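Student: can you look at this prediction? I've put the sequence above it.
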Amino acid sequence: MGSIENFMELSISELKEHDQRLQEKYNGYKSQNLNLDMSRGKPCQEQLDLSNGLLDSLKSNEDYRGMDGTDYRNYGGLDGIPEAKELFSQVLEVSTKEIIIGGNSSLNMMYDTIARAMLHGVYRSESPWGKLPVVKFLCPSPGYDRHFAICELFNIEMITIDMLSSGPDMDMIEKLVSEDDSIKGIWCVPKYSNPDGITYSDQTVERLAQMKTKATDFRIFWDNAYTVHHLTEHEDQLKDIFTACKSAGNPHRVFMFSSTSKITFPGSGVAMMAASEENLDFIRRQLSIQTIGPDKINQLRHVRFLKDMNHLKKHMEKHAEIIKPKFEIVLNKLESELGSKNIASWNKPNGGYFISLNTLNGCARDIVNMAAEVGVKLTQAGATYPYGKDPRDRNIRIAPTFPSMAELEKAIEVLCLCVQLVSIKKILAEKE
Ligand code: PMP
């Protein structure tokens, strides 16, 4: 048999013949004792090396003072140092009064924000969310599993919203939030979304800012984790939701988050949150009980190292140089192995950390398990949906940044093999 085209048009005997050849290949991988991990979006070592300058960015014994002479070695500075506010307010496109610089993790800030809302409500809440009989969140999916895990931990009911090429399904969102005041929030990864790599359209941003919500204390959790993480010269532009919310008369609607996790060192970076001054005042009152202040020395280290927006952009170009070829390996392999077969589809992101693969319905879990059996670890199937349940069992998140090029090539080969084997099984079951 020559190269295989559309699987849907093959006869039963052709499918079986192809299946046998693929199965032999798969068995061959079993003996190779592979140990490849494409499960989490971690930078690779070369990327980490780009930020080694951080380790000695505070060189002289005197470089621990702020621009006003404050000694950053000591306690104080509840919501971040002014130098970091100056730099990172430009990343999130807000004023320095509308940002808090936190610790090492934006996920931690999001978790705390939900925890505070459950215990005390948000600015102008009538009641703590946790006192209500039910609290619901909208979850555009596929989405970031750790957002969903926070909701699950706090017993916040999750409503799955489909992702379209323009962002989450706004018709559905507008209808739901206008009717149900127990819907208190929505998770959004608006730029180079995790995992689809989609950037919300201007219209989606406007509609989120303008929509009528029955809950008066509704909040958009705008996790802009990949705002400067372009992969190509074609940079997606995301409309500024904060300004859109202000213009729409909803200035307190949005909580924005980001971090340097995938700019410098994940786990040892700097996280930030932006919101209206009233929102931040409300938060600071509780923050002042929770902590005396964040790690100011690490914030200063980051400002010294990243310098300004221009420098930060150049730094991100170096990241792109390293990871773009990895994305290309994945995309080329998907195209050559699955391109014409009509059994899978995927996005070609302009930035971010992931490629999202959609298989035939009912296949993702079996594919991920099959790949694991020969030592290729992928993100658990279903993880990109609330409660770990993909209703169509079709989404697989590919994280290409961490493995080496050679490992990646092999891992995707195995993945494509498993996609074909499981698809054939499904097609045969339907035909027979
Ligand atoms: N948000 C998104 C969308 C992510 O993909 C990740 C993982 N890198 C995070 C947040 C976690 O960020 P942090 O390290 O700042 O907690």
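Tutor: Thanks, I have it.
Student: just give the closest residue to Gly102, not the sequence neighbours.
Tutor: Closest residue in space to Gly102, ignoring its immediate chain neighbours: Ala271 at 4.5 Å, by Cβ to Cβ, 6 or more residues apart in numbering. All C-beta atoms are positioned from the backbone trio N, CA, C, and that covers glycine.
Student: that neighbour contacts Met110, doesn't it?
Tutor: No. Shown here, Ala271 and Met110 do not form a contact pair, counting by Cβ atoms under 8 Å, at 9.2 Å.
Student: give me the common contacts of these two.
Tutor: Listed as contacting both Ala271 and Met110 by Cβ atoms under 8 Å, 6 or more residues apart in numbering are Phe257.
Student: identify the residues contacting Lys184.
Tutor: Here Lys184 is in contact with 117, 129, 135-137, 156, 215, 217-219 (criterion: Cβ under 8 Å, 6+ apart).
Student: again, only this time at 7 Å
Tutor: By Cβ atoms under 7 Å, 6 or more residues apart in numbering, the contact set of Lys184 is 129, 135-137, 215, 217-219.
Student: from the residues you listed, which is closest to the ligand?
Tutor: Proximity of the contacts of Lys184 to the ligand (Cβ to the nearest ligand atom) peaks at Phe137, which lies at 15.2 Å.
Student: so that closest one sits against Asp180, correct?
Tutor: No. Applying Cβ atoms under 7 Å as the test, Phe137 and Asp180 come out as separate, 11.4 Å apart.
Student: so which of the two has more stuff around it?
Tutor: Phe137 (23 against 15; other Cβ atoms under 10 Å).
Student: would you double-check that that one falls in a helix?
Tutor: No. Per DSSP: H, G, I helix; E, B strand; the rest coil, Phe137 lies outside any helix segment and is strand.
Student: what does the chain put close to the ligand?
Tutor: 41, 105-107, 144, 189, 194, 223, 225, 259, 261-262, 266, 271 (Cβ under 6 Å from any ligand atom).
Student: from those, which would you call buried?
Tutor: Burial by neighbour count, 16 or more other Cβ atoms under 10 Å: within the residues of the chain next to the ligand this picks out 41, 105-107, 144, 189, 194, 223, 225, 259, 261-262, 266, 271.
Student: from the ligand, how far off is His315?
Tutor: Using Cβ to the nearest ligand atom, to the nearest Å, we find His315 at a distance of 17 Å from the ligand.
Student: what's the average pLDDT for the stretch of helix or strand that residue belongs to?
Tutor: With secondary structure defined by DSSP states H and E, His315 is part of helix 309-338. For helix 309-338, mean pLDDT rounds to 98.
Student: buried stuff in that helix?
Tutor: 312, 315-316, 319-320, 322-323, 326-327, 329-331, 333-334, 337-338.
Student: mind giving me the packing neighbours of it?
Tutor: With contacts taken as 3 or more Cβ pairs under 7 Å, 6 or more residues apart in numbering; DSSP states H and E, helix 309-338 sits against helix 45-49, strand 355-359, helix 405-431.
Student: that one versus helix 405-431: what angle between them?
Tutor: Taking axes from the mean of the first three to the mean of the last three Cα atoms, to 10 degrees, one finds that helix 309-338 is oriented at 50 degrees with respect to helix 405-431.
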